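Asker: Need a 3D model of the sequence below.
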Amino acid sequence: MSAPDPLTLPRLPRDAEGPVFAEPWQAHAFALALQLHAQGAFAWTEWADTLSQRLKAAGPDDDGSRYYEYWLDALETLVSGKQLAELAALSDRKHAWAEAYRRTPHGKPVEL
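Answerer: Predicted coordinates:
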């Protein structure tokens, strides 16, 4: 079974032209999930189930503003569960990026 059109994902922030991203990392996480699926890292049903569980855990009061945080969390869960990367390594990289963007002057590219 092939992946469904990503534009039909429930609760996906979008406008008439497709997904919308408030920040570049959101687009990167979106693309990474699609690419990992396309490369066979996980089945689309696994992705849908993992993301669904994370969205359900957010609860009924969730306003959707943290959608891509949940997307990233689901992606990290699958990547670590499939032993494509360890959670500690993902966490280390996340902290390194956070430190890099904190020390980068506004308008300059972030260098890791």
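Asker: which helix in this protein runs the most residues?
Answerer: The residue-count maximum for a helix in the chain (DSSP state H) belongs to helix 87-103.
Asker: just checking, what packs against that one?
Answerer: Under the contact definition 3 or more CB pairs under 8 Å, 6 or more residues apart in numbering; DSSP states H and E, helix 87-103 sits against helix 67-81. (Each C-beta comes from the backbone N, C-alpha and C, glycine too.)
Asker: Could you rerun that using 10 Å?
Answerer: Secondary-structure packing of helix 87-103 (3 or more CB pairs under 10 Å, 6 or more residues apart in numbering; DSSP states H and E): helix 24-38, helix 67-81.
Asker: out of these, which comes closest to residue 110?
Answerer: helix 24-38 (9.5 Å; CB to CB).
Asker: now what about that closest one, what contacts it?
Answerer: 2-3, 6, 9, 12-13, 19-21, 23, 41-44, 46-47, 50-51, 67-69, 71-76, 78-79, 82, 84, 94, 97, 101, 110 (CB atoms under 10 Å, 6 or more residues apart in numbering).
Asker: related to what we said a few turns ago, out of the helices and strands packed on helix 87-103, which is the most enclosed?
Answerer: helix 67-81 (a mean of 19; mean count of other CB atoms under 10 Å).
Asker: Return the distance of that helix from the chain's centre.
Answerer: 6 Å (CA atoms, centre = their mean, to the nearest Å).
Asker: Which residue, neighbours along the chain excluded, lies closest to the residue most central in space within the chain?
Answerer: The C-alpha lying nearest the average C-alpha coordinate of the chain belongs to residue 72 (CA atoms, centre = their mean; 2.9 Å). The shortest distance from residue 72 to any non-neighbouring residue, by CB to CB, 6 or more residues apart in numbering, is to residue 29 (4.7 Å).
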